[in-house]
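Asker: Curious how this folds, go ahead:
(one chain, ligands or ions: 2)
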Amino acid sequence: MATLEIRDLHVTVEADNATKEILKGVDLTVKQGETHAIMGPNGSGKSTLAYSLAGHPKYTITGGSVTLDGEDVLEMSVDERARAGLFLAMQYPVEIPGVSVSNFLRTSATAIRGEAPKLRTWVKEVKETMAELQMDPAFAERNVNEGFSGGEKKRHEILQLELLKPKIAVLDETDSGLDVDALKTVSEGVNRVRATGEVGTLLITHYTRILKYIQPDFVHVFANGRIAASGGAELADQLENEGYEAYTKGGPVTGGNSGGAAA
Ligand SMILES: Nc1ncnc2c1ncn2[C@@H]1O[C@H](COP(=O)(O)OP(=O)(O)OP(=O)(O)O)[C@@H](O)[C@H]1O
Ligand SMILES: [Mg+2]
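Answerer: Ligands and ions are numbered 1, 2, ... in the order given. Presented below is the predicted three-dimensional model:
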């Protein structure tokens, strides 16, 4: 079983000629087959964690380690990470003018599998998965995310998830902006992948409504650039009722984080 291990991860970003530390010692282990939810206030660094795992050049790793099955992820290029089995569904998926969905998916699958998928089975697989996600087949010929509605972009992220079959999937607010039916459709896609037992999922979300469909094995509170507390599914309900105040004000924080500034 593949294991993603994040140890004491520190990440900075350059903004306005200053270096700002966003991640301040993230510790997290995600195993294939497990579903982890990460909840936390706006600006606490959740997307920064997702981008850092994916290898976004804007984020500088200043300390700690990330390994996938013992292999150093931080040493890998973005495409090496994808081939190693890491997948990121972005909070704000980017448009790729001039590249059709169909081309994009086939190129990605070829890169990740190391060989081009057989055309016949591939076309069938794409069609079936799109149908399950209730995406109009016409999307295959449209340019990636160009003119897609918010919900259509999120479905397209899950289409990639289902077709690329990663070992570890980071889903950054895949539920935000979805209507109730779309939320259900997208959740079913995630659950189909989950049911294979071959993906470890890191679900970043603000709302427990998606967790009613995708029941997490673990829930983590993300605050001030690190994981401030961890628990089971009940922690999500507690957060929804009580908010994050206890975790953002140097309150009852577990894991030795007493709010002291990192040197
Ligand atoms: N590329 C960047 N340039 C400047 N500042 C950045 C950059 N990326 C992140 N930050 C800052 O880092 C902090 C954390 O941002 P991040 O997007 O990781 O938060 P988040 O927890 O995902 O929030 P949200 O719940 O609103 O999505 C914010 O203060 C943000 O402004
Ligand atoms: Mg975010």
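Asker: Mind jotting down where the strands sit in the chain?
Answerer: 3-15, 18-31, 35-39, 59-68, 71-72, 86-89, 96-100, 143-144, 168-172, 200-204, 218-223, 226-231 (DSSP state E).
Asker: Redo those as a markdown table? Include mean pLDDT, distance to Asp179 and mean neighbour count.
Answerer: For the C-beta atoms, the positions are set from N, CA and C on the backbone; glycine is no exception. Formatted as a markdown table, the strands of the chain follow (pLDDT from 0 to 100; distance: least, C-beta to C-beta, whole Å; neighbours: other C-beta atoms under 10 Å):
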| stretch | mean pLDDT | distance to Asp179 | mean neighbour count |
| --- | --- | --- | --- |
| strand 3-15 | 97 | 32 | 18 |
| strand 18-31 | 97 | 29 | 18 |
| strand 35-39 | 98 | 21 | 24 |
| strand 59-68 | 98 | 32 | 17 |
| strand 71-72 | 98 | 40 | 12 |
| strand 86-89 | 96 | 18 | 24 |
| strand 96-100 | 96 | 25 | 12 |
| strand 143-144 | 97 | 22 | 19 |
| strand 168-172 | 98 | 18 | 26 |
| strand 200-204 | 98 | 19 | 25 |
| strand 218-223 | 97 | 24 | 24 |
| strand 226-231 | 97 | 30 | 20 |
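Asker: show me what contacts the residue nearest the centre of the chain?
Answerer: With distances taken as C-alpha atoms, centre = their mean, the chain has Val170 as the residue nearest its mean C-alpha position (1.9 Å). The contact partners of Val170, by C-beta atoms under 8 Å, 6 or more residues apart in numbering, come to Ala50, Leu53, Ala54, Leu86, Phe87, Leu88, Ala89, Leu202, Ile204.
Asker: check contacts around the first one.
Answerer: It stands for Ala50. Ala50 neighbours (C-beta under 8 Å, 6+ apart): Leu88, Met90, Gln91, Val170, Asp172, Leu202, Ile204.
Asker: how about the contacts of Val170, which pair is most distant?
Answerer: The span of those, defined through C-beta to C-beta, is set by Leu86 and Ile204 at 14.7 Å.
Asker: Tell me, how many residues neighbour the residue of the chain found nearest ligand 2?
Answerer: Minimum separation of the chain from ligand 2 (C-beta to the ion) falls at Ser47, amounting to 3.1 Å. The number of residues packed near Ser47 is 20, by other C-beta atoms under 10 Å.
Asker: I'd like the distance between the closest residue to Val190 other than its chain neighbours and ligand 1.
Answerer: Distances taken as C-beta to C-beta, 6 or more residues apart in numbering place Ile214 nearest to Val190, at 5.4 Å, with adjacent residues excluded. According to C-beta to the nearest ligand atom, to the nearest Å, Ile214 and ligand 1 sit 18 Å apart.
Asker: I'd like the distance between Ile214 and Val144.
Answerer: 25 Å (C-beta to C-beta, to the nearest Å).
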